[in-house]
Structure formats: C-alpha cells, structure tokens
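J.: Any chance you can model this:
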Amino acid sequence: VGNRDDSNLYINMKLKAAAEIGISANHIKLPNTATEADVLKCIASLNADPAVHGFIVQLPLDSNKPINTEKITNAVAPEKDVDGLSSINAGKLSRGDLGDCFIPCTPKGCMELIRQTGVQVTGKRAVVIGRSKIVGAPMHDLLLWNNATVTTCHSKTSTLAEEVGKADILVVAAGKAEMVKGEWIKPGAIVIDCGINHVPDSTKASGKRVVGDVAYNTAKEKASYITPVPGGVGPMTVAMLMQSTVESAQRFLEKFQPGKWTIQYNQLTLQMPVPSDIEISRSCIPKPIEQVAIEVGLLPDEVELYGQTKAKIQLSALNRLKNQPDGKYVVVTGITPTPLGEGKSTTTVGLVQALGAHLHQNVFACVRQPSQGPTFGIKGGAAGGGYCQVVPMEEFNLHLTGDIHAITAANNLVAAAIDARIFHELTQSDQALYNRLVPSVNGVRKFSDIQIRRLQKLGINKTDPTALTKEEINSFVRLDIDPGTITWQRVLDTNDRFLRKITIGQSPTEKGFSRTAQFDITVSSEIMAVLALADGLDDMKKRFGRMVVASSKKGQPVTADDLGVTGALAVLMKDAIKPNLMQTLEGTPVFVHAGPFANIAHGNSSVLADKIALKLVGKDGFVVTEAGFGADIGMEKFFDIKCRYSGLRPHVVVLVATVRALKMHGGGPTVTAGVPLPREYTEENLQLLANGCSNLNKQIQNARLFGVPVVVAVNAFKTDTKAELALVVQKAKEAGAFDAVECTHWAEGGKGALALARAVQRASQAPSNFRFLYNTELPIVDKIRLIAQQVYGARDIELLPEAQEKVAVYTKQGFGNLPICMAKTHLSLSHDPEQKGAPTGFVLPIRDIRASVGAGFLYPLVGTMSTMPGLPTRPCFYDIDLDPVSGGVNGLF
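T.: Next up, the predicted model:
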C-alpha cells in the first residue's frame, strides 16, 4: 500500500529472487488512499485463488487512511501466510507445531545460518535480545523447540552484559546501533546480528553507513561465527521467503487432487412414506452459499450474495477459467409425457446428487428458473421433488434474484416504446420529431451512439445533425410502423387468461389511437430467449438490438435498435445475465438461470451457466442440464439451437421414461392432472406397456439422430411392478440405448440414481459423433420438413397461407438462414395431442411462422396454443400461505 522507497526496494529484492529461481511473483500495488476494506478485499481474493501459493503484506502500510495492521496480517489465510505473521501461525509456533505452520522469514533464516555452522543447537544456551513479533518472540520459540535453553532479553534487561556472556548462541534484534559490545560475548559463541541501523560517517558519500546491533569489529574477534551487516541476515530473509513459498506449494499439492473439489455433502435422513416436498426441503439445512462457491473454485469477488442461500456469479469467472478444459456435457430429456410430467427435473437433481455426493465426481446441475405463473396456477413448483430438490424450494420457485422481473420490465419498455413512437409520428411533423429526437443542449446538437447506428443502417454517413437533408430527416425520424405487423406483446409473470386479447389506447389523451393487443407470460418473451442464448453482456446487447418488433409500411423490419431502446435494455438486464448459484438437498451445486418457453422458444437454461459450470467441474467432471418437454421438442432444440450457438458438444443424453406414460402411449385411458389415475396405470399390464414402448423407441432414435449415446432412466413409481420396470429396460436396450436403468431417486435421493450415474459415466467415455440435423443455409421450408419427417415421423408438412407469406417475408428480410424452433404440442409426437405412441404418415400443418431474430431462430406455429396460460378452477394458490410459527411458506410444492 502506498509508495515508500524502502518498501519498494525490499519488494524489488523479493521479485528478483523469485525470478531467479522460477517462482511466479506479482506485485499488487494499492494507492495510498486505500482503505482497510480495500486491503481486506484484495487479501480475500488472494486467499481464495488456488493459483496463489503464498503472499505477503509489505509493512508498514503507507496509507493516509487508518488501517489496523494486526487485522490485516490476521486476514491472510494461515496456509498462504508465507511471512508467518498471522496469530494462527504464531500460535502454532509457540506450541511447537513447526511442521504445520509458517515461521517468520528472519528467524527462519537465522536458524538456517546456525545450522550451516554445524554446531548442534540441542543443549546449548541461547540468548535472544529483542521481543518483537517479527523476530525476537518467534526466534525464542524456534530455538526453544530446537532444544536450546533460551533467555529473552531486551532494552530494559538490567544484567544484559552478564546474560550475553553466558550465550553459546546470541541472536540480536534490538534496533540499536552497536548496542552489544564485543567484550560481552562469550568466546566461541555464534552471533547472529539482525539489526540494520544508520550512523554518521563523513567518509561516505551519503554521510552515513549501515551497522548492526552488534559492534562487529570487536565481536568478530571473540565469536566463532558472526553475520555481517549488511549482507548477512538480510539475504537469508529473502531466501527463506522463497523457501516458505515452495513449502506452501508442496503442502497444497499433497492435499490437492488435480480437478477434484473439496466439498461437504449433506447426508439425507430418508423417511418412508416419503414426506411432502416442502417438509423435505425444510428438513434440510443448506450450506451457506458462500461456502458452496468456495468449494467449486469461485473467488470471492466473483460471487454476489443474495442472502444466505443464493448468489449471482460474475461473468469474469468465465474469463478467468477460459483456458481450463471443459467437463462432460449431459442433457436430460424425456419421452412424450403425460400432463403430469415424468420427472425430468427430479431425475436431473437425482443424477447430480448421485455423481457428486455418492461417486465424488465434480458435478453441476444447470436448470431453468420457473415462472411464477405455473407456480401459482396448475403445475406448482419446479424444484424437483421428493429427495431430489433444489433448495430452498420457496426461494427457487418465487422471486429468486429478480431475473424474471427484470425481463418483464425490459420487455414492457420495448412495448411502450413501440406505441409511443407510433403516437408521436402520427401527431408531429418531421421537423418537430427531429427537434425532440436530437435536441439542442446549450446550443449544441449531437447524435447518440444508437442514433449513429440508425443513420448508418439507412446509408446516411453523417455525424453532424445540422447536415441532414429534409429527405434524410424524414427517413431518420419515421419508423413508419405498420400496427398490423406488431409482433411484440406486453408480458406479465402471472397466469391471466383475460389478458389474452385486450384493447389499448382508449384514453382520450391517446387521440383516438387504439389497437388490439395482448399480454403473454413473461417467460415467453424474446428477451428471455436472448438471455438464455447470449454468451456475454456484449452479445446480449447486440441480440437485443436485432430483435424485430414489427415491420414498416414498406415491409422493412423494425428493430429495438431502431426504437433506440437497446442500451436501456442492457442496463435493465445487466444483473440478470449473471447465473444464479444454489444447491441440491445433498449439497451439490446448481446454476439456476433463464427459463424460456419450450414451445415458441427453445426451452433450455442459459448458455452462460453451462459454460461456467463446464469450466468449474474440469475435464473429468460433469454438467447435467435439462431440456424442456419431450426429446422431440426440448432435446432437438437443445442440439440444433443451443449447441449451435454455444459451440458446446454433448456427451450423453439421459432419456427419462415412466411406466405410466408408456401405458398411456400403449392405449391407456386419458391422464388428467388432479384426477386419480385409472386402474390400468396402477395394476400390472405388460401388453399395454409393450405397446406404448413405440414412443420410447422413437425418442431413442431421435437422440441417436444426433450421434450421441442415450441412457434411459426408468423413473420408478411405487405402483410399478418389477416385471414392468424390467420390460422397459429390455425394450430400451433393444431400441439402441447405450444402457437403461431403473431409478428410485425420488424416494432415495442420490442413492437411488447410482446405477444411472454409473451408466452416464460409462456412456461419457463412448464415442460421441455429434451432428446437427440440418444446415441452416437450407431454405426455411426444407428445415421445417426435415424436423417434421425425421424427428416427429410425419409424411410431409403443409404450410397454410399465412405461413407461406411469412416464408417469403423472412427470406426477403434476410432471416432465412436462422435455425428453426418448432412450436407444437408436447403431448404427442404429432400436432394432435390425442395421437399417442409413435404416429406416422400424418401431414404436419404449419399455421404461421414468426421470428425471434434477436434470439436467433424462426418459430413455426403448429396448431393453436396460448402464450398466456389461465388459472384452473382450483389454482395452487389455494394451498399457499405463510406459516404462522416460522414465517416460512406453506403449501408450495
């Protein structure tokens, strides 16, 4: 801290010594305005950095702010305190734990000099003059634990000459020039002089010379060994600093298993019958999230705490880890589900708990953040279930860190900007618009950066606002939005069916400008899809700018950049882009980040969370992420959209199947949420099950289309029989699965997914010849047809007139080479939710095609669907309330 000449001299000596012997040494220099908090923050970062084996705080601290030196030295982690100045290292030295502490460098150097004489210390009488924490006190302890009889003297010792005369070994660190006289010294004694003092000397150019605490010229006549000043103890102090750093590295390597985390897992106390999800979640005491972050190798300045159980992770972590190899990438998907869901989230959590807490592999789960709409509507929470949950579940299922609220604000800012721009263009002249868009401030007009981009887009290469012609002003100020082409809707994170179609602009102040519009649920916003696919803040901002919100009356796309809103969106989303860190019941780490719809968007958690996790787990670790809906939808989009943009290549597909869903596909009765299952699902029926395995076979084939090994996880329910479970395993293997295993993780946690974890480990070593289904350069219709025929089993596709028109428009606008994101029902491989099993020969109708240009895909609409769910007769919120005793949440499942 600061810029003292003497400190700089000592630091340069240490840097030079480190360079000579091959230690990588850096000088972190804080200004003399640094506060105590600044220094402590720097120390905390170094403590947590595994690449740093030792560091010292150069004293004195040259700051104009008050700094407690004791507090600073004690903030250094004892295992990195190579100066040996912390109270913990001093305490260990005083107790004699010499092999488990760092010794201050000067006493350590003195001891090494004594050893070099060949004189045995054991049994000798030693005298130490001085009692400082840096030299005198630790020197006393060091000699004592090397079996010398030690006396400590100081400036107040009345019989100093007499005590010195008894010393076989004399160490002087009093800080007084030539204090110890030669005649005091016992003949043959070893004399170590630690003093550095300046005395007047007219013969020297500086007018002074350096002397020690011992009168050297007379003392050398009596001592058998004596250190000169300068050139004696000083170089040894530097050498011992180097040695301590090497010892620190050696100790680190002895404990450190390359690539292995040191992590504390939570042990589950399993109960039968299995309690409710909220009871299980509450019975778990999560680790402080700060501890989880440290365990997985994140540094303190990369972690933003949001309370005790959740944190945001700075994107700087990815840059720091960029040269680390990636781990194994696993995607969890499923067969075509029942409306009840087949347990993909539960399986994802169970698998990571098995890999981490039971097989001790580095493993991360990366999952989507749930929308509050379904949480309070019909589905409930999405934290997993049973003994496989992300905790605390109420934090996970509710606001988390506010990302979805940020998306709501950003989305609605765009919506407001669209209607306001139309209104202002309808009610103002070109010049009036120009004067307001480019106002004169103190007599000066200036374009903003985003306005310069619009000018360049229009082919106007001018930066002087006064230089535009009338025609150029007209082009610049008029977006000329065609209200009938607006595709951007307002959003809300609540299921509200009465907002599916609304009329806006009915106030008299809007001067008669009204139009029909709608609200969508927030997670269907393109901003959510952008968040999930962006690989950094700059990329997210560029994607925001490209978002097409409407067309002009001339058919040109109108973007968020044209509206001038891009920078504001980036500001609203600057924190949301950071992944959220949580944990599972068994203490394995989880990234919860982004939650795009799985129909009109790609239904996967964020690219950034996956990328950071893959670096953190290391080359032998695993990252397990989940794709929404069945393999025909979520998995295909994971491969063809997410992996295409991220550049990541998956190693294993885990396909979740249940006896219940397969019986439905075999011709079983309708499964309805909230209604007890018919007996066909609760009694053994092998024929019905075998018939339904056609869907399992098709989804296995779908995964293999992409060249990735498939492991089938048969999620067992208590009503399933052994014969039924064995039949599914057999059919899966016959269909080409790498392996298929029964899983009981819902009831047993990670233990119940051990067979699955081992199968995934083996599959990750198998060849993975990953490939995309289509080339994006193909025409739009050809890409849609490939997905329909190869993934869904369709004979062909049929584009309705509106879809045909959009193909022409998007091709003309230059969006024809974007990937395809099919928006269809998740309840069937076809477009008809009533068609179960693996239907073939059908023609897939494409009703319309829409563009998420910022996110980077076109989404064909197959059939009708709503982007604003409604509330059922009895929503989940009937059961949700605050606990009157604990103040926690009751009823959230």
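
J.: So what sits opposite A740 in the bridge?
T.: Applying DSSP bridges to A740 gives these bridge partners: V712.

J.: Can you give me the distance of it to C693?
T.: 11 Å (CB to CB, to the nearest Å). All C-beta spots, glycine's among them, are computed from the backbone N, C-alpha and C.

J.: likewise D883?
T.: In terms of CB to CB, D883 sits 44 Å off from C693.

J.: just S244 next, same as before
T.: In terms of CB to CB, S244 sits 65 Å off from C693.

J.: Count the residues that sit near A838.
T.: Using other CB atoms under 10 Å, A838 has 21 neighbouring residues.

J.: which residues does it contact?
T.: Residues near A838 by CB atoms under 8 Å, 6 or more residues apart in numbering: H665, S694, N695, N697, K698, G793, L829.

J.: and it, helix, strand or coil?
T.: coil (DSSP: H, G, I helix; E, B strand; the rest coil).

J.: Check the spacing between it and A735 real quick.
T.: Look at A838 and A735: by CB to CB, they are 11 Å apart.

J.: what does Q456 give?
T.: 55 Å.

J.: Compare those two (neighbour count), which wins?
T.: A735 (19 against 11).

J.: list residues touching both of A740 and C693?
T.: V728, A732.

J.: for the protein, what are the low-confidence residue spans?
T.: Residues of the chain meeting the criterion pLDDT under 70: 257-258, 378-382, 891-893.

J.: Give me the distance between the two termini of stretch 383-395.
T.: End-to-end span of stretch 383-395 (CA to CA, to the nearest Å): 10 Å.

J.: Can you give me the buried ones in that stretch?
T.: 383-395 (16 or more other CB atoms under 10 Å).

J.: TSV please, covering those residues and showing secondary structure.
T.: Shown next, in TSV, are the buried residues of stretch 383-395 (three-state DSSP):
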residue	secondary structure
A383	coil
G384	strand
G385	strand
G386	coil
Y387	coil
C388	strand
Q389	strand
V390	strand
V391	strand
P392	coil
M393	helix
E394	helix
E395	helix
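
J.: between the residues you listed, which is nearest P78?
T.: Closest to P78 out of the buried residues of stretch 383-395 is V391 (32.1 Å), distances taken as CB to CB.

J.: Run through the residues that contact that closest one.
T.: Contacts of V391 (CB under 8 Å, 6+ apart): S281, C284, P286, T309, A383, M582, Q583, T584, L585.

J.: Could I get the full set of helices for the stretch 201-350 of the chain?
T.: 216-219, 233-255, 277-283, 289-295, 316-320, 344-353 (DSSP state H, counting those that start in this stretch).

J.: Just say which of these is most tucked in.
T.: helix 344-353 (a mean of 30; mean count of other CB atoms under 10 Å).

J.: ok, and what's touching the helix or strand following that helix?
T.: Later in the chain than helix 344-353, the nearest helix or strand by DSSP states H and E is strand 363-367. When contacts are defined by CB under 8 Å, 6+ apart, strand 363-367 is touched by residues 296, 345, 348-349, 352, 355-356, 390, 584, 588-593, 605-606, 609-610, 613, 616-617, 621-626.

J.: CA atoms only: put strand 363-367 into PDB for me.
T.: Taking Å, rounded to 0.1, in the frame of the first residue of the first chain, the C-alpha atoms of strand 363-367 are listed here in PDB:
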ATOM      1  CA  VAL A 363     -20.800 -32.200 -11.000                       C
ATOM      2  CA  PHE A 364     -23.100 -29.200 -11.600                       C
ATOM      3  CA  ALA A 365     -26.800 -29.100 -12.400                       C
ATOM      4  CA  CYS A 366     -27.900 -26.300 -14.800                       C
ATOM      5  CA  VAL A 367     -31.700 -25.800 -14.700                       C
END
